[in-house]
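> I would like to see how this sequence folds:
(one chain, ligands or ions: 2)
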Amino acid sequence: MKNRSALITGVTGQDGAHLAEILLEKGYEVHGVKRRTSTISTTRIDHLYREPQDEGSRFSLHYGDVTDSSNMIDLIRRIQPDEIYNLAAQSHVQVSFQTPVYSTQVNALGALNILEATRVLDLQNNIRFYQASSSEMFGASTPPQNEDTPFKPRSPYAVAKLYAYWMTINYREAYDMFAVNGILFNHEGPTRGETFVTRKITRAVARIFLGMQDCLYLGNLEALRDWGYARDYAEGMWLMLQQDTPRDYVLATGEAHTVREFVNVAFEEIGIRLNWEGIGEEELGIDARSGKCLVQIDPRYFRPTDVDSLIGDPARASAELGWRHQTGFKEMVRMMIETDIDLAQRERANGLSGP
Ligand code: NAP
Ligand code: GDD
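Numbering: from 1, shown residues only. Ligands and ions are numbered 1, 2, ... in the order given. Purely as a prediction, here's the structure:
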(Lines give C-alpha, C1' and ligand atoms only; values in the text may rest on other atoms or scores of the structure.)
(Ligands and ions follow the chains in the order given, each with its own letter.)
Protein backbone atom coordinates (compact mmCIF):
# COMPACT_ATOMS: atom_id res chain seq x y z
CA MET A 1 0.00 0.00 0.00
CA LYS A 2 1.24 3.50 -0.85
CA ASN A 3 2.45 5.59 2.11
CA ARG A 4 0.47 8.71 2.90
CA SER A 5 2.41 11.77 1.79
CA ALA A 6 2.81 15.27 3.17
CA LEU A 7 4.33 18.48 1.89
CA ILE A 8 5.74 20.80 4.56
CA THR A 9 6.70 24.40 3.84
CA GLY A 10 9.01 25.85 6.50
CA VAL A 11 10.52 22.40 7.08
CA THR A 12 13.88 23.88 8.14
CA GLY A 13 12.20 25.81 10.99
CA GLN A 14 11.51 24.75 14.56
CA ASP A 15 8.02 23.37 13.92
CA GLY A 16 8.75 22.00 10.45
CA ALA A 17 11.55 19.82 11.81
CA HIS A 18 9.38 18.45 14.65
CA LEU A 19 6.51 17.80 12.27
CA ALA A 20 8.71 16.06 9.69
CA GLU A 21 10.05 13.77 12.42
CA ILE A 22 6.55 12.95 13.69
CA LEU A 23 5.16 12.25 10.20
CA LEU A 24 8.11 10.01 9.31
CA GLU A 25 7.49 8.07 12.54
CA LYS A 26 3.87 7.65 11.43
CA GLY A 27 5.02 6.14 8.12
CA TYR A 28 4.45 9.16 5.87
CA GLU A 29 6.46 10.05 2.81
CA VAL A 30 7.57 13.58 3.69
CA HIS A 31 8.48 16.33 1.22
CA GLY A 32 9.97 19.52 2.60
CA VAL A 33 10.30 22.88 0.87
CA LYS A 34 13.64 24.51 1.52
CA ARG A 35 14.80 27.94 0.41
CA ARG A 36 18.14 28.40 -1.25
CA THR A 37 20.36 30.00 1.41
CA SER A 38 24.00 31.07 1.34
CA THR A 39 24.77 29.14 4.51
CA ILE A 40 23.43 25.73 5.48
CA SER A 41 19.92 25.96 6.94
CA THR A 42 19.14 22.28 7.47
CA THR A 43 20.70 21.67 10.90
CA ARG A 44 17.30 20.88 12.46
CA ILE A 45 16.54 18.19 9.89
CA ASP A 46 19.96 16.76 9.00
CA HIS A 47 19.29 13.72 11.20
CA LEU A 48 16.20 12.90 9.09
CA TYR A 49 17.86 13.24 5.77
CA ARG A 50 19.46 10.46 3.77
CA GLU A 51 20.72 10.73 0.25
CA PRO A 52 17.80 10.76 -2.23
CA GLN A 53 19.26 7.77 -4.06
CA ASP A 54 19.26 5.89 -0.76
CA GLU A 55 16.48 3.39 -1.31
CA GLY A 56 13.80 3.50 1.34
CA SER A 57 14.34 7.15 2.23
CA ARG A 58 10.91 8.65 2.80
CA PHE A 59 12.17 12.20 3.26
CA SER A 60 12.94 14.52 0.34
CA LEU A 61 13.81 18.18 0.16
CA HIS A 62 12.82 20.46 -2.71
CA TYR A 63 14.06 23.96 -3.37
CA GLY A 64 11.22 26.43 -3.25
CA ASP A 65 9.69 29.57 -1.88
CA VAL A 66 6.05 30.19 -1.02
CA THR A 67 6.14 33.60 -2.68
CA ASP A 68 6.80 31.91 -6.03
CA SER A 69 3.37 30.77 -7.23
CA SER A 70 4.74 28.81 -10.22
CA ASN A 71 7.04 26.92 -7.87
CA MET A 72 4.10 26.00 -5.62
CA ILE A 73 2.05 24.80 -8.60
CA ASP A 74 4.96 22.75 -9.91
CA LEU A 75 5.74 21.10 -6.56
CA ILE A 76 2.10 20.27 -5.78
CA ARG A 77 1.53 18.93 -9.32
CA ARG A 78 4.58 16.65 -9.09
CA ILE A 79 4.14 15.46 -5.49
CA GLN A 80 0.32 15.41 -5.24
CA PRO A 81 0.55 15.13 -1.44
CA ASP A 82 -2.36 13.96 0.71
CA GLU A 83 -1.63 16.75 3.20
CA ILE A 84 0.03 20.17 3.03
CA TYR A 85 1.28 21.94 6.15
CA ASN A 86 2.02 25.60 5.44
CA LEU A 87 4.50 26.55 8.16
CA ALA A 88 6.64 28.91 6.07
CA ALA A 89 6.73 32.44 7.43
CA GLN A 90 8.76 35.48 8.28
CA SER A 91 7.91 34.50 11.83
CA HIS A 92 9.54 37.26 13.88
CA VAL A 93 6.97 39.79 15.05
CA GLN A 94 9.43 42.64 15.72
CA VAL A 95 11.12 42.14 12.32
CA SER A 96 7.69 42.48 10.66
CA PHE A 97 7.61 46.16 11.71
CA GLN A 98 10.79 46.72 9.70
CA THR A 99 9.75 44.53 6.75
CA PRO A 100 5.95 44.85 6.57
CA VAL A 101 5.65 44.36 2.80
CA TYR A 102 7.98 41.38 2.68
CA SER A 103 6.34 39.81 5.77
CA THR A 104 2.96 40.19 4.07
CA GLN A 105 4.19 38.64 0.83
CA VAL A 106 5.41 35.56 2.67
CA ASN A 107 2.85 35.21 5.46
CA ALA A 108 -0.29 36.26 3.58
CA LEU A 109 0.29 35.68 -0.13
CA GLY A 110 2.39 32.56 0.53
CA ALA A 111 -0.70 30.81 1.90
CA LEU A 112 -2.82 32.05 -1.00
CA ASN A 113 -0.27 30.77 -3.53
CA ILE A 114 -0.60 27.26 -2.07
CA LEU A 115 -4.39 27.32 -1.83
CA GLU A 116 -4.65 28.64 -5.37
CA ALA A 117 -2.19 26.03 -6.67
CA THR A 118 -4.41 23.24 -5.31
CA ARG A 119 -7.44 24.85 -6.96
CA VAL A 120 -5.94 25.43 -10.41
CA LEU A 121 -4.62 21.87 -10.38
CA ASP A 122 -8.13 20.72 -9.44
CA LEU A 123 -6.73 18.98 -6.36
CA GLN A 124 -8.68 21.01 -3.80
CA ASN A 125 -10.77 18.01 -2.82
CA ASN A 126 -7.84 15.56 -2.70
CA ILE A 127 -5.50 17.53 -0.45
CA ARG A 128 -5.92 18.49 3.19
CA PHE A 129 -4.40 21.87 4.08
CA TYR A 130 -3.07 23.13 7.42
CA GLN A 131 -2.37 26.85 7.90
CA ALA A 132 -0.02 27.93 10.71
CA SER A 133 -2.17 30.64 12.27
CA SER A 134 -1.10 32.41 15.41
CA SER A 135 -2.27 33.64 18.80
CA GLU A 136 -0.57 36.91 17.81
CA MET A 137 -3.76 37.51 15.74
CA PHE A 138 -5.68 38.03 19.03
CA GLY A 139 -3.41 40.98 19.81
CA ALA A 140 -5.21 43.32 22.16
CA SER A 141 -8.18 41.01 22.85
CA THR A 142 -8.69 40.22 26.52
CA PRO A 143 -7.55 36.74 27.62
CA PRO A 144 -8.33 33.90 27.86
CA GLN A 145 -8.54 33.64 24.05
CA ASN A 146 -10.30 30.85 22.16
CA GLU A 147 -11.63 30.21 18.64
CA ASP A 148 -14.50 32.70 19.19
CA THR A 149 -12.38 35.57 20.53
CA PRO A 150 -12.33 38.64 18.26
CA PHE A 151 -9.02 39.39 16.54
CA LYS A 152 -7.33 42.72 17.32
CA PRO A 153 -3.93 42.40 15.62
CA ARG A 154 -1.05 44.57 16.81
CA SER A 155 1.70 43.92 14.24
CA PRO A 156 2.19 43.62 10.47
CA TYR A 157 2.95 39.94 11.18
CA ALA A 158 -0.46 39.45 12.80
CA VAL A 159 -2.34 41.34 10.08
CA ALA A 160 -0.68 39.21 7.39
CA LYS A 161 -1.46 36.02 9.31
CA LEU A 162 -5.11 37.11 9.47
CA TYR A 163 -5.26 37.37 5.69
CA ALA A 164 -4.03 33.76 5.45
CA TYR A 165 -6.46 32.71 8.20
CA TRP A 166 -9.46 34.11 6.33
CA MET A 167 -8.28 32.77 2.97
CA THR A 168 -8.06 29.30 4.48
CA ILE A 169 -11.65 29.62 5.68
CA ASN A 170 -12.70 31.01 2.31
CA TYR A 171 -11.29 28.00 0.42
CA ARG A 172 -13.04 25.70 2.89
CA GLU A 173 -16.38 27.41 2.31
CA ALA A 174 -16.09 28.25 -1.41
CA TYR A 175 -14.49 25.03 -2.70
CA ASP A 176 -15.38 22.57 0.04
CA MET A 177 -11.69 22.08 0.71
CA PHE A 178 -10.44 20.39 3.89
CA ALA A 179 -8.53 23.49 4.98
CA VAL A 180 -7.97 24.35 8.64
CA ASN A 181 -6.25 26.90 10.84
CA GLY A 182 -4.25 25.85 13.86
CA ILE A 183 -4.23 28.96 16.08
CA LEU A 184 -1.16 28.15 18.07
CA PHE A 185 0.03 29.97 21.16
CA ASN A 186 3.79 30.41 21.68
CA HIS A 187 5.70 27.15 21.65
CA GLU A 188 9.37 26.78 22.28
CA GLY A 189 12.12 24.28 22.93
CA PRO A 190 15.83 23.66 22.42
CA THR A 191 15.56 24.21 18.65
CA ARG A 192 13.71 27.53 18.92
CA GLY A 193 15.22 30.34 16.82
CA GLU A 194 17.79 32.25 18.87
CA THR A 195 16.18 35.68 18.50
CA PHE A 196 12.86 34.70 20.10
CA VAL A 197 12.82 35.75 23.74
CA THR A 198 12.83 32.31 25.40
CA ARG A 199 15.82 30.97 23.49
CA LYS A 200 17.62 34.30 23.74
CA ILE A 201 17.26 33.98 27.52
CA THR A 202 18.32 30.33 27.80
CA ARG A 203 21.31 30.88 25.44
CA ALA A 204 22.45 33.84 27.54
CA VAL A 205 21.92 32.09 30.90
CA ALA A 206 23.97 29.10 29.69
CA ARG A 207 26.78 31.38 28.52
CA ILE A 208 26.70 33.43 31.75
CA PHE A 209 26.92 30.12 33.70
CA LEU A 210 30.08 29.21 31.74
CA GLY A 211 31.60 32.70 32.03
CA MET A 212 31.23 33.33 28.28
CA GLN A 213 28.87 36.33 28.58
CA ASP A 214 28.36 39.04 31.23
CA CYS A 215 24.87 40.35 30.72
CA LEU A 216 21.52 39.68 29.01
CA TYR A 217 19.77 42.64 27.31
CA LEU A 218 15.98 42.49 26.95
CA GLY A 219 12.97 44.67 26.08
CA ASN A 220 9.47 44.36 27.60
CA LEU A 221 9.66 42.19 30.73
CA GLU A 222 5.94 42.41 31.51
CA ALA A 223 4.60 40.67 28.37
CA LEU A 224 2.56 37.63 29.36
CA ARG A 225 2.76 34.54 27.16
CA ASP A 226 1.29 31.03 27.17
CA TRP A 227 4.46 29.05 26.45
CA GLY A 228 4.27 25.34 25.53
CA TYR A 229 6.73 22.82 24.11
CA ALA A 230 6.90 22.80 20.30
CA ARG A 231 6.86 19.05 19.73
CA ASP A 232 3.53 18.70 21.56
CA TYR A 233 2.07 21.30 19.18
CA ALA A 234 3.33 19.58 16.01
CA GLU A 235 1.37 16.47 17.05
CA GLY A 236 -1.73 18.71 17.33
CA MET A 237 -1.24 19.97 13.76
CA TRP A 238 -1.38 16.42 12.46
CA LEU A 239 -4.48 15.62 14.56
CA MET A 240 -6.34 18.56 12.98
CA LEU A 241 -5.94 17.01 9.51
CA GLN A 242 -7.19 13.58 10.67
CA GLN A 243 -10.71 14.72 11.64
CA ASP A 244 -13.93 13.94 9.75
CA THR A 245 -14.76 17.60 9.30
CA PRO A 246 -12.43 20.57 8.95
CA ARG A 247 -12.44 23.01 11.86
CA ASP A 248 -10.07 25.59 13.35
CA TYR A 249 -8.45 24.89 16.70
CA VAL A 250 -6.53 26.77 19.38
CA LEU A 251 -3.53 24.92 20.85
CA ALA A 252 -2.26 26.31 24.16
CA THR A 253 -1.38 25.25 27.69
CA GLY A 254 -3.83 27.62 29.43
CA GLU A 255 -1.02 28.79 31.73
CA ALA A 256 0.88 32.04 31.28
CA HIS A 257 4.09 33.62 32.55
CA THR A 258 5.71 37.00 32.06
CA VAL A 259 9.07 37.40 30.34
CA ARG A 260 10.42 38.38 33.78
CA GLU A 261 9.19 35.06 35.27
CA PHE A 262 10.85 33.17 32.43
CA VAL A 263 14.13 34.97 33.21
CA ASN A 264 13.82 34.15 36.94
CA VAL A 265 13.13 30.46 36.30
CA ALA A 266 15.98 30.20 33.79
CA PHE A 267 18.50 31.73 36.23
CA GLU A 268 17.20 29.49 39.05
CA GLU A 269 18.21 26.53 36.87
CA ILE A 270 21.87 27.59 37.27
CA GLY A 271 21.46 28.36 40.97
CA ILE A 272 21.11 32.14 40.69
CA ARG A 273 18.35 34.16 42.34
CA LEU A 274 17.77 37.57 40.82
CA ASN A 275 16.76 40.76 42.63
CA TRP A 276 15.08 43.34 40.41
CA GLU A 277 16.09 46.95 41.12
CA GLY A 278 15.15 50.25 39.47
CA ILE A 279 12.22 51.01 37.20
CA GLY A 280 11.44 51.26 33.48
CA GLU A 281 14.45 51.37 31.17
CA GLU A 282 16.74 51.65 34.23
CA GLU A 283 15.62 48.33 35.73
CA LEU A 284 18.38 45.81 36.46
CA GLY A 285 18.41 42.10 37.31
CA ILE A 286 21.04 41.64 40.04
CA ASP A 287 22.55 38.34 41.24
CA ALA A 288 21.35 38.23 44.88
CA ARG A 289 24.57 36.56 46.03
CA SER A 290 27.36 38.27 44.08
CA GLY A 291 25.66 41.63 43.46
CA LYS A 292 26.62 41.43 39.76
CA CYS A 293 24.24 42.94 37.21
CA LEU A 294 23.10 40.13 34.89
CA VAL A 295 20.06 41.62 33.12
CA GLN A 296 19.55 45.08 31.65
CA ILE A 297 16.88 46.73 29.54
CA ASP A 298 17.71 47.72 25.97
CA PRO A 299 14.95 49.87 24.43
CA ARG A 300 15.92 48.59 20.96
CA TYR A 301 13.90 45.49 21.82
CA PHE A 302 10.69 47.43 22.49
CA ARG A 303 8.09 47.14 19.72
CA PRO A 304 6.01 50.02 18.32
CA THR A 305 2.97 48.07 19.55
CA ASP A 306 3.33 44.93 21.65
CA VAL A 307 0.85 42.26 22.69
CA ASP A 308 0.49 42.43 26.48
CA SER A 309 -1.26 39.24 27.34
CA LEU A 310 -1.86 35.91 25.58
CA ILE A 311 -3.46 33.05 27.51
CA GLY A 312 -5.08 30.33 25.44
CA ASP A 313 -8.15 28.25 26.11
CA PRO A 314 -7.57 24.89 24.35
CA ALA A 315 -10.95 23.37 25.39
CA ARG A 316 -12.08 22.63 21.81
CA ALA A 317 -8.83 20.85 20.93
CA SER A 318 -9.06 18.88 24.14
CA ALA A 319 -12.69 17.81 23.56
CA GLU A 320 -12.53 17.09 19.82
CA LEU A 321 -8.90 16.16 19.12
CA GLY A 322 -8.06 14.65 22.50
CA TRP A 323 -5.04 16.99 22.45
CA ARG A 324 -3.34 18.26 25.57
CA HIS A 325 0.14 19.67 26.10
CA GLN A 326 2.42 17.05 27.64
CA THR A 327 5.40 19.10 28.76
CA GLY A 328 5.20 21.55 31.67
CA PHE A 329 6.70 25.05 31.74
CA LYS A 330 9.58 24.38 34.16
CA GLU A 331 10.43 21.10 32.45
CA MET A 332 10.69 22.91 29.12
CA VAL A 333 12.89 25.69 30.54
CA ARG A 334 15.16 23.03 32.09
CA MET A 335 15.41 21.17 28.77
CA MET A 336 16.36 24.41 26.98
CA ILE A 337 18.99 25.38 29.57
CA GLU A 338 20.58 21.90 29.49
CA THR A 339 20.79 21.93 25.69
CA ASP A 340 22.20 25.46 25.64
CA ILE A 341 24.86 24.62 28.24
CA ASP A 342 25.92 21.66 26.04
CA LEU A 343 25.95 23.92 22.99
CA ALA A 344 28.00 26.63 24.69
CA GLN A 345 30.49 24.05 25.95
CA ARG A 346 30.92 22.74 22.41
CA GLU A 347 31.36 26.29 21.10
CA ARG A 348 34.03 26.94 23.71
CA ALA A 349 35.79 23.66 22.94
CA ASN A 350 35.81 24.59 19.24
CA GLY A 351 37.18 28.03 20.06
CA LEU A 352 34.09 29.70 18.60
CA SER A 353 33.73 32.10 21.51
CA GLY A 354 35.38 32.59 24.85
CA PRO A 355 35.13 34.64 28.01
P1 NAP B 1 10.65 29.42 12.20
O2 NAP B 1 11.53 28.55 13.05
O3 NAP B 1 11.02 30.84 12.02
O4 NAP B 1 10.55 28.72 10.76
C5 NAP B 1 10.02 29.40 9.65
C6 NAP B 1 10.27 28.56 8.42
O7 NAP B 1 9.72 29.23 7.28
C8 NAP B 1 11.76 28.32 8.11
O9 NAP B 1 11.90 27.02 7.62
C10 NAP B 1 12.03 29.32 7.00
O11 NAP B 1 13.09 28.96 6.16
C12 NAP B 1 10.71 29.22 6.25
N13 NAP B 1 10.46 30.32 5.33
C14 NAP B 1 10.53 31.65 5.57
N15 NAP B 1 10.20 32.34 4.48
C16 NAP B 1 9.93 31.44 3.51
C17 NAP B 1 9.55 31.54 2.16
N18 NAP B 1 9.37 32.72 1.56
N19 NAP B 1 9.35 30.39 1.45
C20 NAP B 1 9.53 29.19 2.03
N21 NAP B 1 9.91 29.03 3.31
C22 NAP B 1 10.11 30.15 4.04
O23 NAP B 1 9.15 29.38 12.74
P24 NAP B 1 8.42 28.29 13.66
O25 NAP B 1 8.51 28.75 15.07
O26 NAP B 1 8.84 26.94 13.27
O27 NAP B 1 6.90 28.53 13.24
C28 NAP B 1 6.31 27.80 12.17
C29 NAP B 1 5.07 28.51 11.69
O30 NAP B 1 4.13 28.61 12.76
C31 NAP B 1 5.30 29.93 11.22
O32 NAP B 1 4.39 30.17 10.17
C33 NAP B 1 4.94 30.80 12.42
O34 NAP B 1 4.55 32.07 11.99
C35 NAP B 1 3.80 29.98 12.99
N36 NAP B 1 3.60 30.09 14.43
C37 NAP B 1 4.63 29.86 15.28
C38 NAP B 1 4.41 29.90 16.64
C39 NAP B 1 5.53 29.64 17.62
O40 NAP B 1 5.36 30.00 18.80
N41 NAP B 1 6.61 29.01 17.22
C42 NAP B 1 3.11 30.17 17.14
C43 NAP B 1 2.08 30.39 16.22
C44 NAP B 1 2.32 30.32 14.87
P45 NAP B 1 14.63 29.37 6.46
O46 NAP B 1 15.16 28.27 7.37
O47 NAP B 1 15.24 29.38 5.12
O48 NAP B 1 14.60 30.71 7.14
N1 GDD C 1 12.24 38.57 20.66
C2 GDD C 1 12.37 39.28 21.79
N3 GDD C 1 13.61 39.73 22.16
N4 GDD C 1 11.26 39.53 22.53
C5 GDD C 1 11.42 40.21 23.69
C6 GDD C 1 12.67 40.67 24.13
C7 GDD C 1 13.82 40.43 23.31
O8 GDD C 1 14.94 40.81 23.62
N9 GDD C 1 12.49 41.28 25.32
C10 GDD C 1 11.21 41.21 25.63
N11 GDD C 1 10.54 40.58 24.63
C12 GDD C 1 9.08 40.35 24.59
C13 GDD C 1 8.42 40.80 23.28
O14 GDD C 1 8.21 42.22 23.29
C15 GDD C 1 7.13 39.99 23.34
O16 GDD C 1 6.17 40.68 24.09
C17 GDD C 1 7.53 38.72 24.07
O18 GDD C 1 8.82 38.98 24.65
C19 GDD C 1 7.63 37.47 23.19
O20 GDD C 1 8.45 37.79 22.07
P21 GDD C 1 8.93 36.66 21.02
O22 GDD C 1 9.64 35.59 21.74
O23 GDD C 1 9.66 37.38 19.93
O24 GDD C 1 7.58 36.02 20.51
P25 GDD C 1 6.20 36.66 20.00
O26 GDD C 1 5.16 36.35 21.03
O27 GDD C 1 6.35 38.05 19.57
O28 GDD C 1 5.93 35.81 18.68
C29 GDD C 1 6.05 34.39 18.68
O30 GDD C 1 4.85 33.79 19.06
C31 GDD C 1 3.76 34.02 18.13
C32 GDD C 1 2.53 33.31 18.73
O33 GDD C 1 1.91 34.12 19.66
C34 GDD C 1 6.53 33.96 17.28
O35 GDD C 1 6.86 32.59 17.31
C36 GDD C 1 5.41 34.16 16.26
O37 GDD C 1 5.81 33.60 15.02
C38 GDD C 1 4.16 33.46 16.78
O39 GDD C 1 3.09 33.60 15.87
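> What pLDDT is listed against Tyr49?
Looking at Tyr49, its pLDDT reads 78.
> so who does it touch?
Thr42, Ser57, Phe59, Leu61 (CB atoms under 8 Å, 6 or more residues apart in numbering). C-betas here are computed from N, CA, C, even on glycine.
> near ligand 2, which residues of the stretch 1-150 of the chain show up?
Selection of the stretch 1-150 of the chain residues close to ligand 2 by CB under 6 Å from any ligand atom yields Ser91, Val93, Gln94, Ser134, Ser135, Glu136.
> and these, which two are the farthest apart?
Gln94 and Ser135 (16.0 Å; CB to CB).
> burial count for the nearest residue to Thr12 once chain neighbours are set aside?
In space, Thr12 comes closest to Ser41 once its chain neighbours are excluded; the distance is 4.8 Å by CB to CB, 6 or more residues apart in numbering. Neighbourhood size, Ser41 [other CB atoms under 10 Å]: 14.
> Just to be sure, Ser41 is in a helix?
No: counting by DSSP: H, G, I helix; E, B strand; the rest coil, Ser41 is not found in a helix; it is coil.
> next one: phi and psi at it?
Main-chain dihedrals, Ser41, degrees, to the nearest 10: phi -120, psi 10.
> Report the separation between it and ligand 1.
To ligand 1, Ser41 is 4 Å away according to CB to the nearest ligand atom, to the nearest Å.
> measure that residue to Gly236 for me?
Between Ser41 and Gly236 the computed distance is 25 Å (CB to CB, to the nearest Å).
> returning to that earlier point: export the contacts of Tyr49 to TSV and append columns for neighbour count and secondary structure.
Compiled in TSV, the contacts of Tyr49 are given as follows (neighbours: other CB atoms under 10 Å; DSSP: H, G, I helix; E, B strand; the rest coil):
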residue	neighbour count	secondary structure
Thr42	16	coil
Ser57	15	coil
Phe59	20	strand
Leu61	19	strand
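> which one of the residues you listed sits closest to Leu343?
Distances from Leu343 to those, taken by CB to CB, are shortest for Thr42, at 17.3 Å.
> who touches the closest one in this structure?
Here Thr42 is in contact with Thr12, Lys34, Tyr49, Leu61 (CB under 8 Å, 6+ apart).
> Nearest spatial neighbour of the closest residue to ligand 2 within the stretch 201-350 of the chain, chain-adjacent residues omitted?
Proximity of the stretch 201-350 of the chain to ligand 2 (CB to the nearest ligand atom) peaks at Ala223, 3.0 Å away. Of all residues not flanking Ala223 in the chain, Val259 sits nearest, at 5.2 Å (CB to CB, 6+ apart).
> Could you double-check that that neighbour sits in contact with Leu221?
Yes: here Val259 reaches Leu221: they are 4.9 Å apart, a contact under CB atoms under 8 Å.
> show me where the stretch 1-150 of the chain has helices.
14-25, 69-79, 93-98, 100-104, 110-120 (DSSP state H, counting those that start in this stretch).
> just curious, which of the contacts of Thr42 is nearest to Thr191?
Once CB to CB is applied, the member of the contacts of Thr42 that ends up nearest Thr191 is Thr12, at 10.6 Å.
> who's in contact with the closest residue to Glu281 other than its chain neighbours?
In this structure, Glu281 finds its nearest non-sequential neighbour in Ile297, 4.9 Å apart by CB to CB, 6+ apart. Contacts for Ile297 (CB under 8 Å, 6+ apart) come out as Tyr217, Leu218, Gly219, Leu221, Gly280, Glu281, Glu282, Glu283.
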